[in-house]
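1. Pasted the sequence and its predicted model underneath.
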Amino acid sequence: MDENRKGRRMALVMACISIASGCLVYYLFCPEVLLVKKIDGLINGGIHFEPPQRTMPTDFVRFYGLDLIWAYSFSCMIYVFACGLKNVSKLQIFIPIVCGIILELLQWRGISAGTGDIIDVIMEMIGTVLSVVIFTRRRRQ
């Protein structure tokens, strides 16, 4: 199997794992999210866990860790579709960060649901860079 195919397969698996884990965290720990409420309505109930008390680590995972996961999976998917290109690392960084900034600005302006803040953008940048580092190291091996 050629290197591009192996890389694409790994990126696709990593993207699927991160999306699935993010969806699970959202569903279990964020019952106030509109999509989770709609899913609960479809299945007549839901399974949700509320932490006994709100702490910095639990809030961090709920409000910022998920942004990192989404940016990471987005960057992995860009690798899946653009891995044969010479400048794939630049695309993996540029597209998710620009999209993240635009979405946060839309939230900040009240155009989109959510609370846009700079920590979300920082977490999206970390997730994006993490993906690029992993796939750049893999290509060098």
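-> Alright, I've got the coordinates.
2. packing partners for the helix or strand bottoming out on mean pLDDT in the chain?
-> Least confident element among the helices and strands of the chain, by mean pLDDT, DSSP states H and E: helix 56-60 (a mean of 79). Under the contact criterion of 3 or more CB pairs under 8 Å, 6 or more residues apart in numbering; DSSP states H and E, the helices and strands touching helix 56-60 comprise an empty set. To be clear about C-beta, it is placed using only N, CA and C from the backbone, and glycine gets the same treatment.
3. Any idea how far that helix is from the middle of the chain?
-> Computed by CA atoms, centre = their mean, to the nearest Å, the chain-centroid distance of helix 56-60 equals 17 Å.
4. low-scoring stretches of the protein, by residue?
-> When the per-residue scores of the chain are filtered using pLDDT under 70, the ranges that remain are 1, 3, 51, 139-141.
5. end to end, how far does stretch 39-54 reach?
-> Stretch 39-54 has an end-to-end distance of 24 Å (criterion: CA to CA, to the nearest Å).
6. got a list of contacts for it?
-> Contacts to stretch 39-54, defined as CB atoms under 8 Å, 6 or more residues apart in numbering, come from residues 27-29, 31, 36, 58.
7. longest helix of the chain?
-> Ranked by number of residues, the top helix in the chain under DSSP state H is helix 3-29.
8. Can you name every helix or strand that that one contacts?
-> Packed against helix 3-29, as judged by 3+ CB pairs under 8 Å, 6+ apart, are the following elements: helix 34-42, helix 66-82, helix 118-140.
9. number of nearby residues for I17?
-> I17 sits with 14 neighbouring residues when counted by other CB atoms under 10 Å.
10. got a list of contacts for stretch 69-81?
-> Stretch 69-81 is contacted by residues 7-8, 11-12, 14-16, 18-19, 21-22, 25, 88, 91-93, 95-97, 99-100, 123-128, 130-132, 135 when judged by CB under 8 Å, 6+ apart.
11. thinking again about what came up before, JSON lines for the helices and strands packed on helix 3-29, including distance to R54 and mean neighbour count?
-> JSON lines is the format used below for those (distance: least, CB to CB, whole Å; neighbours: other CB atoms under 10 Å):
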{"stretch": "helix 34-42", "distance to R54": "18", "mean neighbour count": "12"}
{"stretch": "helix 66-82", "distance to R54": "16", "mean neighbour count": "23"}
{"stretch": "helix 118-140", "distance to R54": "16", "mean neighbour count": "17"}
